[in-house]
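Asks: make a model of this:
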Amino acid sequence: MKPNALYYGDNLDIMRKYIPDNSVDLIYLDPPFNSKATYNVLFKEPTGESSQAQITAFEDTWHWGLESERALQEIVTSPIASMQVKELISVLPKLVGKRTDMMAYLTMMCVRLIEMKRVLKDNGSVYLHCDPTASHYLKVLMDAIFSNKQFHNEIVWKRTSAHNDPGRYGANIDIILFYTKSEPWTWNQIYVPHDPDYLSRFRHQDPDGRLWSDYDLTAKGLSGGGYEYEYKGIKSLWRCPIATMQKLDAEGKLHFTKAGGIRLKRYVDETKGIVLQSLWDDIPPINSQARERLGYPTQKPEALLERIISASSDEGDVVLDPFCGCGTAVVVAQKLKRRWLGIDITHLAIGLMKWRLKNLSPFPEFAVIGEPEDVKGAMELANQDKYQFQWWAVHRVGGQPYGDKKKGADTGIDGYLYFMDEKDKIKKAIISVKGGKTVNVDMIRVLAHVLDREKTEIGVFITLEKPTKPMLEEAAMKGFYHSPLGKDYSRIQILTIEDIFQGKTPDIPPWIAPVKAPVFKKKASKPTKML
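Replies: Residues are numbered from 1 along each chain as shown. Predicted coordinates for the structure are as follows:
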């Protein structure tokens with residue numbers, strides 16, 4: 001195991017292959033909710049204008065299939081799954097239906113939660129973020145896996161101020177289930193500020209400006225009794241013994257009233273605040289104006305993760321997020337001086353996390369495991385999933401992915417590189433990626449046609465295979481783009497994956513004026529939740 005590390009792949013396989021028993025202090029997981037919504041990332045141009053670069057991040061839909069059947073069998077035969085878990089998974093079909101989408105979801109979650117318990121330290125905690133779609137079923141699963149004795153809270157996060165849902169009450173909350181593996185567990189009490197009504201009680205002021213309020217020191221009327229004595233001529237039944245009274249007096253914490261009484265001075269700067277409760281209505285979601293907004297679907301505010309990580313881990317502890325998405329948990333863990341492990345099954349998410357981590361200051365060192373490290377690995381990825389290969393290749397050369405090939409016709413564009421060689425004129429280099437075993441001159445002709453159609457200056461053709469001589473000749477025939485900066489750039493550039501591993505990059509003009517980095521904007525094909 002290599003903290004700090006990003007892992008590309010199925011989190012079940014990653015946990016089994018890379019993460020040892022009892023090695024993680026805190027797990028935060030924010031899995032898909034089985035809400036049957038499709039979540040897209042809509043990229044923005046560097047100008048801030050919306051582009052057509054919409055890509056499906058994931059479909060929050062689970063279906064029963066061979067993978068679900070395999071997971072069910074693994075649960076039943078697992079040596080680390082308790083009998084309670086095996087019995088529960090055998091009766092769940094009677095409640096939710098056999099081979100239904102919900103049963104697929106719960107089965108896939110169950111086998112992963114079993115692994116999470118294995119990797120969690122005895123004093124570790126797990127926070128499962130979900131919504132009312134399946135939170136009740138997940139609670140039963142968590143009780144069986146971690147024990148209902150280790151359940152501590154069902155945290156309700158008010159994720160939006162209001163929600164208009166016709167025919168029902170507004171659905172504006174998420175659920176976070178808090179469990180520990182055993183006792184004792186790591187715990188750092190979190191306090192939130194007092195409300196204004198409470199603070200208004202501190203009306204008195206010392207000469208040095210400290211605000212205080214006074215509280216009764218007598219024990220009259222209390223069922224537990226008290227201490228009867230006279231102090232500075234005032235006799236009463238007191239809440240504290242005389243030694244404590246003398247200590248409070250020496251510290252200047254006694255208020256002698258005009259009516260002949262003694263009261264305790266409590267200073268406002270000595271109050272830590274209110275112990276955090278399980279209703280969290282003080283952390284707003286990431287709105288369109290939020291500085292940390294990336295536009296990644298289901299992105300959570302950093303304040304939410306800061307609260308969880310601060311409460312249930314210490315500096316130097318290991319935090320695992322097995323459904324990492326855009327990486328808020330790992331970014332916050334890094335800021336709070338924790339070590340971290342992040343796992344995601346898409347290169348889109350891994351690429352965004354890498355970009356996000358590299359923009360932290362100071363720049364953190366981290367490993368990326370599961371991404372291709374050589375041409376052979378790139379070939380394996382291309383054979384496994386051509387879309388993931390395309391996204392990986394685009395990110396590898398510093399580009400921004402474009403389009404959703406699964407949703408429509410191939411536009412001939414897989415990504416963009418942006419440059420600005422004239423003041424206030426942002427231009428594009430089109431990226432086309434081919435992961436097949438054969439490439440031919442027609443592919444270069446298609447790219448040339450795309451450049452003309454899009455009125456774009458430069459095209460970058462990325463290929464696993466070496467280009468043929470006709471391909472190189474066709475690319476050369478497209479000529480050069482003459483930059484106002486005085487340099488010529490080949491209009492069509494061909495890079496092999498081997499070239500990229502050797503450090504070669506697209507040859508495009510630089511920026512000549514500062515421009516904000518591309519940001520992301522969320523868009524979904526169905527109404528979505530804020531994760």
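Asks: from now on I want contacts and neighbour counts done on CA atoms only, so please keep to that.
Replies: OK.
Asks: all strands of the stretch 101-250 of the chain, in order?
Replies: Applying DSSP state E, counting those that start in this stretch to the stretch 101-250 of the chain gives strands spanning 120-130, 151-158, 173-180, 191-192, 204-205, 211-216, 227-231, 234-238.
Asks: please convert the ones you listed to a markdown table, extending it with mean pLDDT.
Replies: Output for the strands of the stretch 101-250 of the chain, formatted as a markdown table (pLDDT from 0 to 100):
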| stretch | mean pLDDT |
| --- | --- |
| strand 120-130 | 97 |
| strand 151-158 | 96 |
| strand 173-180 | 96 |
| strand 191-192 | 91 |
| strand 204-205 | 90 |
| strand 211-216 | 92 |
| strand 227-231 | 94 |
| strand 234-238 | 93 |
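Asks: looking at these, which is closest to residue 387?
Replies: Taking Cα to Cα, strand 120-130 is the member of the strands of the stretch 101-250 of the chain nearest to residue 387, at 28.2 Å.
Asks: now mean neighbour count and distance to residue 144 too, for the strands of the stretch 101-250 of the chain, in a markdown table please.
Replies: Converted to a markdown table, the strands of the stretch 101-250 of the chain look like this (neighbours: other Cα atoms under 10 Å; distance: least, Cα to Cα, whole Å):
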| stretch | mean neighbour count | distance to residue 144 |
| --- | --- | --- |
| strand 120-130 | 23 | 14 |
| strand 151-158 | 18 | 11 |
| strand 173-180 | 22 | 12 |
| strand 191-192 | 13 | 31 |
| strand 204-205 | 12 | 54 |
| strand 211-216 | 17 | 47 |
| strand 227-231 | 14 | 50 |
| strand 234-238 | 16 | 50 |
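Asks: can you list these in a markdown table and add distance to residue 365?
Replies: Listed next are the strands of the stretch 101-250 of the chain as a markdown table, based on distance: least, Cα to Cα, whole Å:
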| stretch | distance to residue 365 |
| --- | --- |
| strand 120-130 | 24 |
| strand 151-158 | 33 |
| strand 173-180 | 30 |
| strand 191-192 | 32 |
| strand 204-205 | 50 |
| strand 211-216 | 46 |
| strand 227-231 | 61 |
| strand 234-238 | 59 |
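Asks: of all those, which lies closest to residue 489?
Replies: In terms of Cα to Cα, the element of the strands of the stretch 101-250 of the chain nearest to residue 489 is strand 120-130, at 49.5 Å.
Asks: before we move on, the earlier item: of the strands of the stretch 101-250 of the chain, which approaches residue 462 most closely?
Replies: Residue 462 lies closest to strand 120-130 among the strands of the stretch 101-250 of the chain, at 39.2 Å (Cα to Cα).
Asks: quick one, the closest one and strand 173-180 angle?
Replies: On the basis of axes from the mean of the first three to the mean of the last three Cα atoms, to 10 degrees, strand 120-130 is oriented at 170 degrees to strand 173-180.
Asks: elements contacting strand 120-130?
Replies: Under the contact definition 3 or more Cα pairs under 8 Å, 6 or more residues apart in numbering; DSSP states H and E, strand 120-130 sits against strand 24-29, strand 173-180.
Asks: could those go into TSV alongside distance to residue 15?
Replies: Putting the helices and strands packed on strand 120-130 into TSV (distance: least, Cα to Cα, whole Å) gives the following:
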stretch	distance to residue 15
strand 24-29	11
strand 173-180	19
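Asks: which of these sits closest to residue 440?
Replies: Among the helices and strands packed on strand 120-130, strand 24-29 comes nearest to residue 440, with 44.9 Å by Cα to Cα.
Asks: and the lengthiest helix in the chain, how far out from the chain middle?
Replies: Using DSSP state H, we find that the single longest helix of the chain is helix 101-119. Remark: helix 101-119 is offset 19 Å from the chain centroid, using Cα atoms, centre = their mean, to the nearest Å.
Asks: now do stretch 339-348
Replies: 9 Å.
Asks: same question for stretch 134-151.
Replies: So, by Cα atoms, centre = their mean, the centroid of stretch 134-151 is 22 Å from its chain's centroid.
Asks: looking at the strands of the stretch 101-250 of the chain, which is closest to residue 326?
Replies: strand 120-130 (15.2 Å).
Asks: list of residues touching that closest one?
Replies: Strand 120-130 is contacted by residues 21-31, 33, 174-186, 312 when judged by Cα atoms under 8 Å, 6 or more residues apart in numbering.
Asks: pull out the buried members of those residues.
Replies: The neighbour count (16 or more other Cα atoms under 10 Å) marks 23-31, 33, 174-182, 185-186, 312 as buried among the contacts of strand 120-130.
Asks: picking up where we left off before, of the helices and strands packed on strand 120-130, which is nearest residue 202?
Replies: Residue 202 sits nearest to strand 173-180 of all the helices and strands packed on strand 120-130, at 34.4 Å, using Cα to Cα.
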